[in-house]
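Enquirer: coords please:
(2 chains)
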Amino acid sequence: MNNNNPGTKKGLRERLKYLKPFLNAILEPVKIIFQDPLGIAGAIIFSIIVLIAIFAPLLATHNPAVMNERIEGSLIAFSPGGEWQQYRIIGEKPINELVIGSQQVIAAAESGSVIRLQEDDSWLEEEVDAEIDFFAAAVSEEMIIVAGERGRVYFYQDNSWQERHLDEELDIHGLTVSPGGTIYAVGEEGAVFSWQDDSWQRLESGSNRTLKDINFIAEDDAIIVGFRGTIIHYRQGEFSDPQYRSFTDETFRDLNGLHYFSEELAFAVGERGTIMGYDGSEWFAMSSDSSRELRGVAVISPEEAYAVGYRGTIQEYDGENWQTHDRITRRGYRGITTVGETGYIYGVDPYVNELAPPSREHLFGTTHLGRDIWSQVIYGSRTALMVGIIAALMVNLLGFTVGLISGYYRGGVDSFLMRVVDIMYGMPLEPFAIVLVLIFGPGLWIIILAIGLLTWRTNARVIRSQVLSLVERPFIKAARISGASHLRIMLVHIAPNVLPLAFLQLAVAMGYAITAEATLSFLGLGPPRVYSWGTILHAARLSGAWRTAWWWIIPPGVFISATVVSVFLISRAVEVWTNPRLRGGNESAPEPEESQDPLPYERQSN
Amino acid sequence: MGKGQFVTRRILQMLLSYFIILTMLFFVFRLALPDPTAALVMEGLSAEEQAMVRARFGLDQPLLGQYFTYLTNFVQGELGLSFHYRAPVFPILLDRLYNTLALMIPAIIVSYLLGPLLGVFLSWKRGSRSEFAGIIGGLVLRSAPLFWTGMIFIMVFGIWFNIFPTSGMRTLPYEAAHFFDKIFTLDYLWHLFLPMMTIALYYLGLPMLIMRNTMLEVMGEDFIELCQAKGLSERRIMYPHVARNALLPVVTQAAITIGLAVGGQVVVEVVFSWPGLGREIVQAVRTSDFPMAQGAFMMMSGLVLIMNFLADVIYSYLDPRVVYKGGKK
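Expert: Below is the predicted model:
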């Protein structure tokens, strides 16, 4: 036992001895890189790319697959006659209702925000109750009222917000101040409240459906609309029986908005493009061009009215018919209001932030699906490096083995292997990969396989020519005479001497593999759910938006070029060292498919 | 070994390589599509017609028989029926081949005319800033992927400045009476410019850098000193003496590049919607058009082999040592 242990240890040490030249052969080029300024530049760029790939989840600002939405409170001002102004963002939260008073303009927004128009035409956003969303607002001479979820109501009196909550936790959807100055609120479960004697009084509306809006034309004449086609007239303190349509009728739809213009004219709008008209005695369904949800309606005169809704829909009324008005934006409006000469369309629904140019939020902008390009590019570096490294190792392993065997044995073996290399040179890479994809389906591994199976040809030639010259050296002959086996000569004596060259080829193959992967992914041969620089460009091309969205195509290309240049610079530094003729001022740039020997193999032998 | 012998041997080698590629292609495609009958036989054919199609492509025979039919058909230019076009593959591909060559050859010529000239310039300006800029520029041009450069060119020159067409070979609609009618027009050159420059710039860096390197090596040799002793001007030494001797590695590189260019051009054709072989093979994958993909691959690899062969023959004229000594330089 005691004899055995040192014996195996010694054997191990003996074997480790052979690793030393290999280690040296690998370390030497690394030292060389750092003696060359361009090599250092290459190494730095490459390290940055590697670090980006490693820390991709930290660097990515968004999930690359998520369609990013923009949330904002915005409005479009207009004046009667159809003078539309620019879309304008006034706050961070979507506006649910905007009211125009004689003194002020107030918007109630989500997350308990209230936005007020200042005297200098700017808007001031104020957070009143962050726990809930405000759905409704009303304004009278003395005060501002906003209300929203869970029965929360705030009065703005004496320069401060005061809580005037309901007793019940019902969402309030509509608020109004009647011409006589009474405040009314409508909401869930048929709730109608009026503010009397400093407290909320619930009125029996006769309905238990959600009520959305209430509108007065006189102190004793109002209309309330709500879900499932509910329309209630409130006259002289009496609620009419709620009108519901038959279940199959197209008007059995949720009504969202109402404008009670005069005794002979009122419109109510709702989901799926529903527009209900009122002529003083009857409600009737009107045909509209749109099948999208309408959220609000505003009547300017009996000959002019507008209804707005989902996805930027604007319907225009000319006194007889409703027609689609040209879209100003594609965003979902939540309502429209008008008083006298001013009017606003307001909202908007959160929308997909598509094709946004670079900004602080999205460093490289967004795609046509609102995906963050910066994050995609960052994750793409992982794919590029993974494919680059695996494919380069595969290429090098194959090329090294073939080159070593071919150069060492020469003769028939050499001829045969070089004929194989010849055949490989007869197949172009991209079509070869395309055929593989056609047969096996798209995937990252197919791309790696295509690169690995085909491009070792160059490595084999380069390694072979080096081995050919080594074999004639005296130390190999000496090894042969001393009785070393072929395997031993190849692995122990020749391989370490060829390794620097192999290292160079590794860098070159990596640059080539990264380009090839990008190319094949660009052709749509990559896996669909993996981000790589090539697939980003593929998506850009497919969408057709790349012709204008420069921020979509420039970053991936710059990253590819930077990575490949860095690898070229590194291999160039190594080449200067491995090729003594290039030392001493004469520098050389390495090339992926450049044969080390100016003469291709078939002219060397025979 | 004489020149004729060399060429003959090279042709035989090429044919052998091609034969092996064809064989591999056959078995790979049979592996993917064990019974091409189902896909190949078009809908609405009667039983007899189906049988006829099977017999025509030898699909009623055992695998080995099919293989021989495949080879015979190939020699006769019978590459099967395209699933997508519902027409024979070969005439379609022949047309695409001309289009591919009409783009590739001008591009390679431009890059191998400009590249070495720039290389001479760089070696002349050795150690200066313009040399450094040239080297970095060459590296960057070679690193930027072809399809990306193409997209940028389209965006800048086609969309922003709107001075070049962004796709196709000719302004549609047009009727070309024959191939030469198609390419000898101003309109064609107009369409050719952007894709050609995309390819040419990509391949330009390599001959430029190689030319520079070998120029520097040749400039160190004795006969240059002799030229200087004879009192020849710098220009006389640079171009006829140094450059001529430095051209060999560039030609070698050209041989390899031309082979690679066939595959590399695929993306350029896709980006510029150039109706060539590359675009056809990508389309064939999208439509699962097996015979078309197979035929296009055959044609492309044949093209690569022929290009490599031609380059070797040209090389043998430039450097007779290859033929006579058959040995290393």
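Enquirer: residue contacts, the most centrally placed residue in chain B?
Expert: The residue lying closest to the centre of chain B (C-alpha atoms, centre = their mean) is B:Val262, at 2.9 Å. B:Val262 is in contact with A:Pro428, A:Pro431, B:Thr100, B:Met104, B:Met300, B:Leu303, B:Val304, B:Met307, counting by C-beta atoms under 8 Å, 6 or more residues apart in numbering or on different chains. Using the backbone N, CA and C atoms, a C-beta is placed for each residue, glycine as well.
Enquirer: neighbour-wise, which of the residues you listed leads?
Expert: Among the contacts of B:Val262, B:Met300 has the most neighbours (other C-beta atoms under 10 Å in any protein chain shown), with 29 neighbours.
Enquirer: What is the helix or strand hosting it packed up against?
Expert: Assessed by DSSP states H and E, B:Met300 sits inside helix B:290-318. Packing contacts for helix B:290-318, counted by 3 or more C-beta pairs under 8 Å, 6 or more residues apart in numbering or on different chains; DSSP states H and E, involve helix A:429-440, helix B:3-32, helix B:36-40, helix B:89-124, helix B:244-271, helix B:277-286, helix B:321-324.
Enquirer: Neighbours of B:Arg54, how many?
Expert: With other C-beta under 10 Å as criterion, B:Arg54 counts 16.
Enquirer: do the one 10 residues further on as well
Expert: Around B:Leu64 sit 8 other residues, with neighbours defined as other C-beta under 10 Å.
Enquirer: A:Val105 and chain B, how far apart?
Expert: 42 Å (C-beta to the nearest C-beta, to the nearest Å).
Enquirer: dump the residue contacts of that residue.
Expert: By C-beta under 8 Å, 6+ apart, the neighbours of A:Val105 are A:Leu98, A:Val99, A:Arg116, A:Leu117, A:Tyr344.
Enquirer: mind listing which of those are in strands?
Expert: The strands, defined by DSSP state E, take in A:Leu98, A:Val99, A:Arg116, A:Leu117, A:Tyr344 from the contacts of A:Val105.
Enquirer: which of the helices and strands packed on helix B:290-318 has the lowest average pLDDT?
Expert: For the helices and strands packed on helix B:290-318, the weakest mean pLDDT is recorded on helix B:36-40, namely a mean of 57.
Enquirer: and the next helix or strand after it, what does it pack onto?
Expert: Once helix B:36-40 ends, the next helix or strand along the chain (criterion: DSSP H and E) is helix B:47-56. Helix B:47-56 sits against helix B:36-40, with contacts defined as 3+ C-beta pairs under 8 Å, 6+ apart.
Enquirer: Most proximal residue of chain A with respect to chain B?
Expert: A:Pro428 (2.8 Å; C-beta to the nearest C-beta).
Enquirer: So which bits of the helix holding B:Met300 are buried?
Expert: Neighbour-count burial for helix B:290-318 flags B:290-309, B:311-313, B:315-316 (criterion: 16 or more other C-beta atoms under 10 Å in any protein chain shown).
Enquirer: Run through who's touching stretch A:393-404.
Expert: A:417, A:420-421, A:448, A:451-452, A:455-464, A:466-467, A:490, A:494-495, A:498, A:502, A:505-506, A:509, A:513.
Enquirer: Need the mean per-residue confidence for it.
Expert: For stretch A:393-404, the mean per-residue pLDDT is 92.
Enquirer: Could you do stretch A:326-336 as well?
Expert: Mean pLDDT, stretch A:326-336: 81.
Enquirer: how far does it sit from the chain's center?
Expert: 24 Å (C-alpha atoms, centre = their mean, to the nearest Å).
Enquirer: And for stretch B:214-221?
Expert: 30 Å.
Enquirer: Tell me where chain A has helices.
Expert: Counting by DSSP state H, chain A has helices at residues A:4-33, A:37-54, A:56-59, A:373-409, A:411-425, A:429-440, A:444-454, A:456-471, A:474-481, A:486-488, A:495-522, A:533-543, A:550-578.
Enquirer: Quick one, which of those gets closest to A:Ala109.
Expert: Closest approach to A:Ala109 among the helices of chain A (C-beta to C-beta): helix A:373-409, 29.0 Å.
Enquirer: Just the buried residues of the closest one, please?
Expert: Those would be A:373-396, A:398-409, for helix A:373-409 by 16+ other C-beta under 10 Å.
Enquirer: and the gap between B:His191 and chain A?
Expert: To chain A, B:His191 is 17 Å away according to C-beta to the nearest C-beta.
Enquirer: ok, that residue - contacts?
Expert: Counted by C-beta under 8 Å, 6+ apart, B:His191 has contacts B:Phe164, B:Pro165, B:Gly168, B:Met169, B:Arg170, B:Thr171.
Enquirer: So it lies in a helix, does it not?
Expert: Yes: counting by DSSP: H, G, I helix; E, B strand; the rest coil, B:His191 falls inside a helix.
Enquirer: what's the spacing between the most centrally placed residue in chain A and A:Leu355?
Expert: Geometric centre of chain A, nearest residue: A:Arg371, 1.1 Å, by C-alpha atoms, centre = their mean. As for A:Arg371, its distance to A:Leu355 is 10 Å (criterion: C-beta to C-beta, to the nearest Å).
Enquirer: Give me the domain ranges for chain A.
Expert: A:26-66+A:361-605, A:69-352 (automatic domain parsing).
Enquirer: so for the helix holding B:Met300, what's the average pLDDT?
Expert: Across helix B:290-318, pLDDT averages out at 85.
Enquirer: do the same with stretch A:215-223
Expert: Mean predicted lDDT for stretch A:215-223 stands at 83.
Enquirer: Also stretch B:198-205?
Expert: Rounded mean pLDDT across stretch B:198-205 is 90.
Enquirer: Same check on stretch A:133-142?
Expert: If you average the pLDDT over stretch A:133-142, you get 82.
Enquirer: go on, stretch A:19-34?
Expert: 76.
Enquirer: export that stretch as PDB, just CAs?
Expert: Extracted in PDB, the C-alpha atoms of stretch A:19-34 (Å, rounded to 0.1, in the frame of the first residue of the first chain):
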ATOM      1  CA  LEU A  19       0.300  19.200 -19.700                       C
ATOM      2  CA  LYS A  20       2.900  21.900 -19.100                       C
ATOM      3  CA  PRO A  21       3.800  22.600 -22.700                       C
ATOM      4  CA  PHE A  22       0.000  22.600 -23.500                       C
ATOM      5  CA  LEU A  23      -0.600  25.200 -20.800                       C
ATOM      6  CA  ASN A  24       2.300  27.300 -22.000                       C
ATOM      7  CA  ALA A  25       1.100  27.100 -25.500                       C
ATOM      8  CA  ILE A  26      -2.200  28.500 -24.400                       C
ATOM      9  CA  LEU A  27      -0.900  31.100 -22.000                       C
ATOM     10  CA  GLU A  28       1.700  32.400 -24.400                       C
ATOM     11  CA  PRO A  29      -0.700  33.900 -26.900                       C
ATOM     12  CA  VAL A  30      -2.600  35.500 -24.000                       C
ATOM     13  CA  LYS A  31       0.600  37.300 -22.900                       C
ATOM     14  CA  ILE A  32       1.200  38.200 -26.500                       C
ATOM     15  CA  ILE A  33      -2.200  39.900 -26.900                       C
ATOM     16  CA  PHE A  34      -1.300  42.300 -24.100                       C
END
